[in-house]
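# one predicted model, sequence on top.
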Amino acid sequence: MVRITEDLIRRRAEHNNCEIFSLEEVSLHQQDIERIEHLDKWCRDLKILYLQNNLIPKIENVGRLKKLEYLNLALNNIEVIEKLEGCESLKKLDLTVNFVGRLSSVESLKHNVHLRELYLVGNPCTEFQGYRQYVLACLPQLQWLDGTAVGRAERIRALQDLDDLRRRVLQQETEYLEKREKQKKKEQIKATVSNPQDLDHEDLNSNFSDEAKENRNQDSNAEYSPEQDQNLALNSHSEEQEREFWEKPCAFTPESRLEAHHYLEEKKTAKERQREPKCKVKAPRTLITAEGKVLNVNEAKLDFNLTDDEDNNCVLLDLHVYRHLDTSLLDVDVQPTYVRVTVKGKVFQLVLPAEVKPDSSTAQRSQTTGYLLLTMPKAHGEIKVKKAVLKTSHVKKSNKNAEEKPKVMIGCKRLEVDPSKTSTVDLANIVPKENCTAQRPLRFSWGLQARGAQEKPISKEFVDDPEVPPLI
C-alpha cells in the first residue's frame, strides 16, 4: 500500500523549492495511492490537486482545503460523492471513470456554490434514465456537465420534473446497489477459494510442455540440462496464463481493477526475481591492500593535475569534476599520505608525493568550470621567503685613485655625501657680515657654517653704492 508521505510531497513540490506549507499545486497521479491523508494538514493553501489514476476508494481528508479550486480524482475506485462541503472555493471536480452508483450523493455538492464544472463520464450512474436532468436540477450553479455547456431552457425543464426525476433515479439506484452487493459477495467467495493460477513446480518438473520437448529434439547435439526444460515450461505456462487472465470476461468493479493491479505487480516482482541471479554482484574494489599499501584508483575516470607548490610549501590537486554536478554528491577525505574523493559513489584515490596536514587542507570549487581544487599544506619544511636584493652602488672618496669595493645594500639605507662637495647656494652669506645694514633681510641658517663653508673675499675694485638696495 502506497501512502502519502512528506517525502513524496516534497519530491512533487520541486517547482515550489520543496516547500509544502505554501504549496498551491501538487500532482500525485499514478502513484498507486490507496488513501487520501495528511494533505489537509500539510498543504492548507492548495488550489489544484491531481490524484488521478490511483486506487483511492473514497473521498476523505480534503474538507479543510478552503482554497481548493480543482480536484481531479479520475480513474479511481470512488463509489460515493461525499465530504466535499468544506471545499468552499471548489470550481471543478473530475470523477471520470470511477464507480459512482449512488447518483443521489450528487446533492451533497449543493453547498459548493462556486462549482462550475463536473465530470462523471464512465460511472455507472451515467446509465440511469434522467441522469443529466437530475444533476442539473440538483446543482443549479453548474455551467458545464461532462464537457457540455448547460443551457437555460434545459435547466428550467429539469427543475419542473425534479420530483419525477428523483423518484426514478432512486429506484434505479436501489437496483444498482442490490446488484453491487451480489458482486461483492461473489468476489469474497472467489477470494476464499485457492487461486488456480498458482504454479506447482513439482507438476511442471514431471510434465514438461510439448514445446520444450520439441526444442530438445531439434537441438539433440547441444548440451541439455533439466533446468533449461524447466525454464521453457515456465515461460510457456506463463504466456498461457497471462492470455487466459486478460481474455477472461469480468464485471467492471473496483475489485476487478484491484485484481488487475495486483496481477501486474506480481508479474513485475516475478521478473525482478528472475533477473536477480543473473546480475553478478561486483566485488568491492580494493583501495588499501592487506600490507597497508595505498593504491591509485580512478573509477570516475576524471582528469586531474597534481602540482607541488614549493613557494607556499603545499600540494595542489585540481580535479576536473563535472560542471553541473551538485556539490552534495562530493565527499572529500584527506589523509597524511593520500587523498580520496567520492564522486557520485565512484572513488578517486591518489597517493601524495609528500606528507600533508589534513586539518589545514582546504577544498574549493570553481564557479565557472566546476573543478575541485584541494590545497594541502606539507607537514614538514618551512615556507621560503624571497628577499629583496638591491643593485650594487659605488661610493667615490676624495681620493680619486683609491676606490672602494662595491657594497651590497640590504634593506633601506642612505648614502653618505661629503659636505665639502655640496653644490647648494648659501643664501645667508651672499652679503658680507661687515657690510650688513641694520635693516637686513632675515638670515636663513641651514647649518652650513658649522660644516666649514668659507666666504669668498671682496674684490678691491668693489664700490658700495648706497643708492643700490641690498641683493636678496
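Here it is on my side, so go on.

# only C-alpha atoms for contact and neighbour calcs from this point on.
OK.

# just after whichever strand or helix holds E265, pick out the following helix or strand.
Using DSSP states H and E, E265 sits within helix 254-278. For helix 254-278, the succeeding helix or strand toward the C-terminus, using DSSP H and E, is strand 297-298.

# mind listing the residues bridging to the nearest residue to G147 once chain neighbours are set aside?
In this structure, G147 finds its nearest non-sequential neighbour in Y119, 7.1 Å apart by Cα to Cα, 6 or more residues apart in numbering. Taking DSSP bridges as the rule, Y119 bridges to D94.

# ok, back up a step: report the distance from the helix holding E265 to the chain centre.
In terms of Cα atoms, centre = their mean, to the nearest Å, the centre of helix 254-278 is found 31 Å from the chain centre.

# equivalent analysis for stretch 17-36, please.
The answer for stretch 17-36 is 17 Å, by Cα atoms, centre = their mean.

# ok, now stretch 290-305?
28 Å.

# give me the contacts around the helix holding E265.
Residues outside helix 254-278 that contact it (Cα atoms under 8 Å, 6 or more residues apart in numbering): L55, N77, F99, E187, C250.

# dump the residue contacts of the second one.
With contacts defined as Cα under 8 Å, 6+ apart, N77 is in contact with L55, I56, P57, K58, N98, F99, P254.

# list only buried entries from the contacts of helix 254-278.
Buried subset of the contacts of helix 254-278 (neighbour count, 16 or more other Cα atoms under 10 Å): L55, N77, F99.

# the stretch 301-450 of the chain: strands as residue ranges?
Using DSSP state E, counting those that start in this stretch, the strands of the stretch 301-450 of the chain run over 304-309, 314-319, 330-334, 338-343, 346-351, 362-365, 372-377.

# other SSEs contacting the fourth one?
The criterion is 3 or more Cα pairs under 8 Å, 6 or more residues apart in numbering; DSSP states H and E, and the helices and strands that strand 338-343 contacts are strand 330-334, strand 346-351.

# output the longest one as CSV, nothing but the C-alphas.
C-alpha atoms of strand 346-351 as CSV (Å, rounded to 0.1, in the frame of the first residue of the first chain):
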residue,chain,number,x,y,z
LYS,A,346,32.7,6.4,-7.5
VAL,A,347,36.0,6.6,-5.8
PHE,A,348,39.0,8.7,-6.8
GLN,A,349,42.1,7.9,-4.7
LEU,A,350,45.6,9.3,-5.2
VAL,A,351,48.9,8.8,-3.3
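
# just give me the neighbour total for S366.
Neighbourhood size, S366 [other Cα atoms under 10 Å]: 12.

# could you pull up phi and psi at it?
Torsion angles at S366 (phi, psi; degrees, to the nearest 10) stand at phi -70, psi 140.

# give me the distance between it and N77.
For S366, the distance to N77 (Cα to Cα, to the nearest Å) stands at 53 Å.

# the residue lying closest to E107 once chain neighbours are set aside: how many residues sit nearby?
Closest residue in space to E107, ignoring its immediate chain neighbours: C138 at 5.9 Å, by Cα to Cα, 6+ apart. Using other Cα under 10 Å, C138 has 20 other residues around it.

# give the full set of residues in contact with C138.
V106, E107, K110.

# V294: which of the residues you listed is nearest?
Here the nearest of the contacts of C138 to V294, counting by Cα to Cα, is V106; it sits at 73.3 Å.

# looks to me like L109 is in a strand.
No. Read with DSSP: H, G, I helix; E, B strand; the rest coil, L109 is helix and lies in no strand.

# you'd agree it is up against L142?
No. The pair L109 and L142 does not pass the contact test of Cα atoms under 8 Å, sitting 10.2 Å apart.

# just to revisit the earlier point, reformat the helices and strands packed on strand 338-343 as a markdown table; add distance to E14, mean neighbour count and mean pLDDT.
A markdown table is the format used below for these (distance: least, Cα to Cα, whole Å; neighbours: other Cα atoms under 10 Å; pLDDT from 0 to 100):
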| stretch | distance to E14 | mean neighbour count | mean pLDDT |
| --- | --- | --- | --- |
| strand 330-334 | 22 | 14 | 93 |
| strand 346-351 | 27 | 18 | 92 |
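
# so which of the ones you listed gets nearest E299?
With Cα to Cα as the criterion, E299 lies closest to strand 346-351 of the helices and strands packed on strand 338-343, at 5.5 Å.

# quick one: strands adjacent to that closest one?
Using DSSP bridges, the strands paired with strand 346-351 are strand 297-298 (antiparallel), strand 338-343 (antiparallel).

# of those, flag the one that's most buried.
Highest mean neighbour count among the strands paired with strand 346-351 (mean count of other Cα atoms under 10 Å): strand 338-343, with a mean of 19.

# circling back: ok, which of the strands paired with strand 346-351 comes nearest E6?
Per Cα to Cα, nearest to E6 of those: strand 338-343, 28.1 Å.

# quick one: that closest one to chain centroid distance?
With Cα atoms, centre = their mean, you get 22 Å for strand 338-343.

# which one, of the strands paired with strand 346-351, ends up nearest to V193?
Here strand 338-343 is closest among these (Cα to Cα), at 53.8 Å.

# circling back: of the contacts of C138, buried ones?
Judged by 16+ other Cα under 10 Å, buried ones among those: V106, K110.

# can you add pLDDT and give the contacts of C138 back as TSV?
Output for the contacts of C138, formatted as TSV (pLDDT from 0 to 100):
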residue	pLDDT
V106	95
E107	93
K110	93
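
# list the buried residues of the helix holding E265.
Those would be P254, for helix 254-278 by 16+ other Cα under 10 Å.

# how near is K185 to K179?
10 Å.

# check contacts around L302.
With Cα under 8 Å, 6+ apart, L302 has these contacts: L319, H320, V321.

# OK, contacts around the residue positioned nearest the centre of the chain?
Computing the C-alpha centroid of the chain and ranking residues by Cα atoms, centre = their mean puts D326 first, at 7.6 Å. Applying Cα under 8 Å, 6+ apart to D326 gives no contacts.
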